[in-house]
Structures are given as structure tokens and as C-alpha cells.
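S.K.: Whatever this is, show me its structure:
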Amino acid sequence: MSSGPILVFDSGVGGLSVVKALRDHLPGAALVYTCDNAMLPYGLREDEWLVGRILRVCEAAVTASHCVTLVVACNTASTLALDALRERLTIPVVGTVPAIKPGAALSLSGHFGLLATRATVSRPYTLGLIEAFAADCHVTRVAADALVREAERWLAGEPPDLEVIRQALAPLWADPALDTVVLGCTHFPLLRDFLVASAPRTIQWIDSSDAIARRTAQVAIGVAPHQGPGESLVTAIDPRMNAGLARFGFAPPHLLALD
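M.R.: Below is the predicted model:
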């Protein structure tokens, strides 16, 4: 059986929050990181166009990396294109969905927040998760697309704009009973320390990274061993990404060739 790395895909650097969990669960596994930074942010683009784009980039990255498993570390891409990717690819594909079920289970008051991109908070898939797993809860859905850019800035070595963060979180604090926030975009855990500092009270912050890593560990077969910095692939070369990728164990990126 041939071996290969696990490929982690996101629109930008948000998938790096999942990389940390993958390394905790699969410390010896080789990882390749791919992002479609030329088309960032995904949350503001049309669904039909995005599906085609996600298929195109992921297929090219799978071919280039010779990976044995694809982790779609992006809520927008997963809710749109996961089924299509599984139909087109012959390797296991692990997706990302907002942690609605854990949010409902952990909230003591029955009121929790979903902080995500505009596309994720309004998508029927997300509403279906809420109906299935949190029908007896009050879920405050907050679109916070501005935080995607702040996470990208932070990983590039620039300080995030704290006022932008405060304004993005403000709708969550109207009800003092809200005690839990689900981070429904993989970019957002990168800003966790800033989110905690901006909150007016202590709450629980939940994301999907650990669940993604556990599922990947279950389905990944023939994973090559980790040897030195991981490869990274991008759709637009941006030297500002180099330091952030290096912080997560990846070499400076190569440009991904798209047909």
C-alpha cells in the first residue's frame, strides 16, 4: 500500500487551527497545507461558483500532494461541497461543521451563540443542525466575516484590530444568560485569546478542531511519517504568510498549479 500525507484545505489560514489538533492526535503524521488565498474570503462568494472552485482547487492539491486523506478545514467549503468532493475523490474526505451539538450539550442556560461567516450562519445546512441538535435551545447566530481578515492579519504578524473584534462580538452580549459560543469558522480559534479578552464575562468557547482530528485519525490509512517541515500550497504567493506557516511547522508555500 502506498503512503502519503494528510492534506488540510481551507480558504485561508483558518485551517491551521485544525492542524494543531491533528498534530495532537496524529503526532507522527506528515501534513500538507493548502489554501485558496487568491479567492479569500469564501463566505462572501456565490454558492454555485464556490462549489466549482472548491472542487478544482482540492482536486489539484490532492494530485500534487499525493495525499491519502483530505481534511476540508473550512465550514463554508464543507457545507457546500463535501458530498461533491466525496463523489469525485477516491480518498477519505473529512469535513467541518459548526459544533452545534456540543454547544447545546455544554450550555447550562440553554442559550448559546454561533459565531461564523455570513454564509455559514444563514445556510440551510446550519439551520438543519440547529433543528436536529439544539431545538430546545435559544441560538443567537452572529455573522462575523470581519474576523476572517483579522485572523489572517494576526498570522501575518500584524496585531488584530481590537475594535473590530469588539464590534463583531457585541450582538452576543445582549442576553446575560448566553454562556457558550460556538466558533463556526476555523479562522476564529486563531483569535481565541483576543475573543476571550473582549468578552464582558467568562463563557465557554467551542470549536470543531478536536472532533475533526479524531475523525481523521479513524479514517486515515497509509499516512506517511512526519519528516521535517510540511509542504504548503497556495493559489497566490504572499510572503506575509511565511512566518505564520512556519509557526505551524510548514515550509514557505509553493504555487498550486490549476488546470
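S.K.: for this protein, longest helix please?
M.R.: Assignment by DSSP state H gives helix 47-65 as the longest helix of the chain.
S.K.: Quick check: closest non-adjacent residue to the residue nearest to the spatial centre of the chain.
M.R.: In the chain, the residue lying closest to the centroid (Cα atoms, centre = their mean) is Thr186, at 2.7 Å. Distances taken as Cβ to Cβ, 6 or more residues apart in numbering put Gly14 closest to Thr186, at 3.7 Å, once the chain neighbours are dropped. In short, each C-beta sits where N, CA and C put it, glycine included.
S.K.: Wait, the one you found touches Gly184, no?
M.R.: No: contact between Gly14 and Gly184 fails when scored by Cβ atoms under 8 Å: they sit 11.0 Å apart.
S.K.: Could you check how far the residue nearest to Ile237 when sequence neighbours are not counted is from Trp49?
M.R.: What sits nearest to Ile237 in space, not counting adjacent residues and going by Cβ to Cβ, 6+ apart, is Leu255, at 5.7 Å. In this view, Leu255 and Trp49 are 22 Å apart by Cβ to Cβ, to the nearest Å.
S.K.: for the stretch 151-259 of the chain, what spans make up the strands?
M.R.: With DSSP state E, counting those that start in this stretch as the criterion, the stretch 151-259 of the chain has strands at 180-183, 204-206, 231-234, 254-255.
S.K.: Helices along the stretch 51-200 of the chain, start to end?
M.R.: Counting by DSSP state H, counting those that start in this stretch, the stretch 51-200 of the chain has helices at residues 75-88, 100-106, 118-122, 124-133, 146-155, 162-169, 192-198.
S.K.: which one of those helices has the lowest average pLDDT?
M.R.: Ranked by mean pLDDT, the helices of the stretch 51-200 of the chain end with helix 118-122 at the bottom, a mean of 87.
S.K.: and that one, how far from the chain's centre?
M.R.: Remark: helix 118-122 is offset 14 Å from the chain centroid, using Cα atoms, centre = their mean, to the nearest Å.
S.K.: ok so, going back, now the longest helix of the chain: buried residues?
M.R.: The neighbour-count check on helix 47-65 (16 or more other Cβ atoms under 10 Å) flags 50-51, 53-55, 57-62, 64-65 as buried.
S.K.: Please apply the same query to stretch 3-11.
M.R.: Quick answer for stretch 3-11 (16+ other Cβ under 10 Å): 4-11.
S.K.: next one: stretch 172-183
M.R.: 172-173, 178-183.
S.K.: For it, measure first residue to last.
M.R.: 12 Å (Cα to Cα, to the nearest Å).
S.K.: go on, stretch 154-169?
M.R.: End-to-end distance (Cα to Cα), stretch 154-169: 17 Å.
S.K.: buried residues in it?
M.R.: Those would be 154-155, 160-161, 164-166, 168-169, for stretch 154-169 by 16+ other Cβ under 10 Å.
S.K.: Ala257 versus Gln98, what's the distance?
M.R.: Let me fix one detail, which is that residue 98 is Pro and not Gln. Distance from Pro98 to Ala257, by Cβ to Cβ: 33 Å.
S.K.: Of those two, give the one with the bigger neighbour count.
M.R.: Remark: of Pro98 and Ala257, Pro98 carries more neighbours, 29 against 11, as counted by other Cβ atoms under 10 Å.
S.K.: And the pLDDT for the more buried one?
M.R.: 93.
S.K.: what's the answer for Met1, then?
M.R.: In this prediction, Met1 carries a pLDDT score of 53.
S.K.: From the contact counts, what lies against the helix or strand bottoming out on mean pLDDT in the chain?
M.R.: Scoring the helices and strands of the chain by mean pLDDT, DSSP states H and E places helix 118-122 at the bottom, with a mean of 87. Judged by 3 or more Cβ pairs under 8 Å, 6 or more residues apart in numbering; DSSP states H and E, helix 118-122 is in contact with helix 75-88, strand 138-143.
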